[in-house]
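Colleague: Build me a model:
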Amino acid sequence: MRQRAGRGLLGRIQSIFRDRPVLAIAVSLLSLLVIASAVTFTTPLRCGPARAFGLTGIASGCTTVGAVAHKPSPTPSPYASGPVSSPYSPPDSNPTSGAYPPVGYPASGSYPPFYPPASAGFDTVARPRLDCRLPVYAGPPGSGGFIVFPGGAFIADPSSSVTVPATSPTPPPVGGPGPGYGQGYGLSYDRQFSRWVPVQANQVSPDGSRYAYTLPDGIYVVNVASGTQSEVGEGHSWSIVGVQSDGVYAGDPNAGGLWLFPYSGASRQITKTGYWRAATATAAFGTATSAVPQGATNSIIRLDLKTGATTEWFSRPFSQSSVQGFDAKGNAIISVSYLNGSGNDIFIATGATSASAIAGFSNPQYGGGTGFNSYSLPIADSHGVWFAGNYTNYGRGETGVALYTGSAFYWMSSIGGQLAGGCY
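Modeller: Numbers count the residues shown, from 1 in each chain. Next up, the predicted model:
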């Protein structure tokens, strides 16, 4: 019986193989079964069948389509700028280069309003209406003149062809400002005496009665009214820090320290340390060292001229700072240059822990940027603080004069040059 049953089953199988259509159907069914098993257990498509057949062990690893579709995108960088297709991107942050932009870099909108040149499409802005003459110069003696407001026309003044009196044994140099704050010669307009003098405005006393300049053998003080001069600090090379009503403040460019050279009487050393760059009637500002290594941050320090006390006044991480000048209240105007090339700022420091950015140049991408760069000694008057510099807008640039009024920053003229005094 068993032998006959076995032979019967074998016969049926053999008959299937002999019947080709039936064989093709059987092979197809077997192939579908194998593929379905592979899909169910090895691919994401397993999720539907696994749930349908109650295979919870497989279905537990599945993610719903809705969850995939609503997966949050990465948050864009707050410093990204320009189209997404831009080939430029900020450098990676790392301990050696610092954050990008640096810590302390003002975010967009943290400056007072800035109104660029009319050529940039801002010709409808109501700028301050002034009735005054702003003295400027191009460099050498005789290059001075006035930007006249309203209108902004330039009128050259041949009487700006002035030089310092002759001295012996060393003749004075002729030309524009030399290196270093307060060093070298230039031009400024002495409003009190209605005449041009052959030095920058910070080398003229507040009452306009005297100006000072340096030679390798000392400091020379000139009486504007008479043209006579006297020498102080004889036999030494000095750097003029400020010319005030009580005398000339000067530093030793090689050894540091600060001295007062009165117009009459004995000189006095105020401090033996520090490298000082600018001074008001009450304080001097500078740095503790003559320089710092490339890539290092420096700090601005303040020296009280009466007490001799020194205070750390201003610093920004990943940057180097320098004192440019002062506003009408004697607050230091400080230029900040960020070490990673992301831009620069202009600050007004009102105290040891308080400073506000009033303008700057932002360079978020290599090869492009926007904002204002100052290149001249700022001048304060009753209208605000004047700056000569460049305005750049991603490849488009203009040189001229801007005015900070305390509440906004206005482009006032596209006539470039160095500032030679306030607008009167």
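Colleague: quick check: domain ranges of this structure?
Modeller: 99-129+274-424, 162-272 (automatic domain parsing).
Colleague: Those into TSV, with extra columns for mean neighbour count and mean pLDDT?
Modeller: Where you see a C-beta, it was placed from the backbone N, CA and C, and this is true even at glycine. Output for the domains of the chain, formatted as TSV (neighbours: other CB atoms under 10 Å; pLDDT from 0 to 100):
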stretch	mean neighbour count	mean pLDDT
domain 99-129+274-424	18	90
domain 162-272	17	88
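Colleague: Helices of the stretch 301-424 of the chain, residue ranges please.
Modeller: For the stretch 301-424 of the chain, helices defined by DSSP state H, counting those that start in this stretch do not occur.
Colleague: all strands of it, in order?
Modeller: With DSSP state E, counting those that start in this stretch as the criterion, the stretch 301-424 of the chain has strands at 310-314, 319-326, 332-338, 343-351, 354-365, 368-374, 379-381, 384-393, 396-404, 409-413, 418-419.
Colleague: And these: which comes nearest Gln192?
Modeller: Nearest to Gln192, of all the strands of the stretch 301-424 of the chain, is strand 379-381, at 13.5 Å by CB to CB.
Colleague: List the strands paired with the closest one, with their directions.
Modeller: Here strand 379-381 is paired, per DSSP bridges, with strand 384-393 (antiparallel).
Colleague: ok and the strand it pairs with relative to strand 332-338, angle-wise?
Modeller: For strand 384-393 against strand 332-338, the angle by axes from the mean of the first three to the mean of the last three CA atoms, to 10 degrees is 20 degrees.
Colleague: Export strand 384-393 to CSV, keeping only CA atoms.
Modeller: C-alpha atoms of strand 384-393 as CSV (Å, rounded to 0.1, in the frame of the first residue of the first chain):
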residue,chain,number,x,y,z
GLY,A,384,28.0,115.9,16.4
VAL,A,385,31.1,114.0,15.3
TRP,A,386,32.4,114.2,11.8
PHE,A,387,34.1,111.2,10.1
ALA,A,388,35.9,110.9,6.8
GLY,A,389,35.9,107.5,5.3
ASN,A,390,34.5,105.0,2.8
TYR,A,391,31.1,103.6,2.4
THR,A,392,31.0,100.1,0.7
ASN,A,393,28.0,98.1,-0.4
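Colleague: got a list of contacts for it?
Modeller: Strand 384-393 is contacted by residues 116-117, 120, 134, 136, 327-328, 333, 346, 359, 361, 369-376, 378-380, 397-406, 411, 416-419, 422-423 when judged by CB atoms under 8 Å, 6 or more residues apart in numbering.
Colleague: cutoff 6 Å now
Modeller: 116-117, 120, 327, 370, 372-376, 378-379, 397-399, 401-406, 419 (CB atoms under 6 Å, 6 or more residues apart in numbering).
Colleague: how about the domains of the chain in TSV, adding distance to Ala156?
Modeller: Shown next, in TSV, are those (distance: least, CB to CB, whole Å):
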stretch	distance to Ala156
domain 99-129+274-424	11
domain 162-272	12
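Colleague: Quick one: closest of those domains to Ile155.
Modeller: The nearest among the domains of the chain, by CB to CB, is domain 99-129+274-424 at 10.7 Å.
Colleague: Adding distance to Tyr249, write the strands of the stretch 301-424 of the chain out as CSV.
Modeller: Formatted as CSV, the strands of the stretch 301-424 of the chain follow (distance: least, CB to CB, whole Å):
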stretch, distance to Tyr249
strand 310-314, 15
strand 319-326, 13
strand 332-338, 15
strand 343-351, 19
strand 354-365, 23
strand 368-374, 23
strand 379-381, 18
strand 384-393, 22
strand 396-404, 26
strand 409-413, 30
strand 418-419, 21
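Colleague: looking at these, which is closest to Arg302?
Modeller: Comparing these by CB to CB, strand 310-314 comes nearest, at 4.1 Å.
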